[in-house]
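Colleague: sharing a sequence plus its predicted fold:
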Amino acid sequence: MELKIKALSDKIGRDIPVPYYASAGAAAMDLHACMDEAVTIAPGQRATIHTGFAIALPDAGYVALIFARSGLGTKYGIAPANCVGVIDSDYRGEIMVCLANAGDAPYTVRPGDRIAQMAILPVAQATVRLVDDLDETARGAGGFGSTGK
């Protein structure tokens, strides 16, 4: 599939890379901070970081999902505030990432830093039907922890 990317800042492709896959086996492409000045996120705080681009997914059969970079999350507690960002196929605005600091120290995001990763996945839109009963399964209504440790 082809992902169309529109630069919304003249820094994209010059000072800030166009989103890219960092390795041949990467499932998601790296997103970079597109900003003029560094932003420091205090512990327990959030900051919305611009990426400087918009995308056009080909149709409603695709979604772009924004995930944390594992290094930022595990080393510093920096991850998207909403856990996973959902970019619908009909959204044409700038991709922005609201980062939250769950760590113990302030974290500074500098222009060009890799801040998140974006994966493109297929989507199935379900037809919803209200029913009186659901099919039985071995698990049934067993919830949290019902399948063991």
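Modeller: Received it, and whenever you're ready, just let me know what you need.
Colleague: setting aside sequence neighbours, what's the nearest residue to the residue nearest to the spatial centre of the chain?
Modeller: When CA atoms, centre = their mean is applied to the chain, the residue found nearest the centroid is Ile66 (1.0 Å). Closest residue to Ile66 apart from its sequence neighbours, by CB to CB, 6 or more residues apart in numbering: Gly85 at 3.2 Å. (Each C-beta comes from the backbone N, C-alpha and C, glycine too.)
Colleague: the one you found and Val97 touch, don't they?
Modeller: Yes - at 6.6 Å, Gly85 counts as touching Val97 under the criterion of CB atoms under 8 Å.
Colleague: looking at the two, which one has more neighbours?
Modeller: Higher neighbour count among Gly85 and Val97: Val97, with 24 against 18, using other CB atoms under 10 Å.
Colleague: what's the distance between the more buried one and Ser89?
Modeller: Distance of Val97 to Ser89, given as CB to CB, to the nearest Å: 19 Å.
Colleague: ranges for the strands of this structure?
Modeller: With DSSP state E as the criterion, the chain has strands at 4-7, 29-32, 39-41, 46-56, 62-67, 78-80, 85-87, 94-101, 107-109, 114-122.
Colleague: want to throw the ones you listed into JSON lines with mean pLDDT?
Modeller: Listed next are the strands of the chain as JSON lines, based on pLDDT from 0 to 100:
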{"stretch": "strand 4-7", "mean pLDDT": "98"}
{"stretch": "strand 29-32", "mean pLDDT": "98"}
{"stretch": "strand 39-41", "mean pLDDT": "98"}
{"stretch": "strand 46-56", "mean pLDDT": "98"}
{"stretch": "strand 62-67", "mean pLDDT": "98"}
{"stretch": "strand 78-80", "mean pLDDT": "97"}
{"stretch": "strand 85-87", "mean pLDDT": "96"}
{"stretch": "strand 94-101", "mean pLDDT": "98"}
{"stretch": "strand 107-109", "mean pLDDT": "98"}
{"stretch": "strand 114-122", "mean pLDDT": "98"}
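Colleague: redo those strands as TSV? Include distance to Val128.
Modeller: TSV is the format used below for the strands of the chain (distance: least, CB to CB, whole Å):
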stretch	distance to Val128
strand 4-7	31
strand 29-32	32
strand 39-41	39
strand 46-56	27
strand 62-67	18
strand 78-80	28
strand 85-87	18
strand 94-101	29
strand 107-109	40
strand 114-122	19
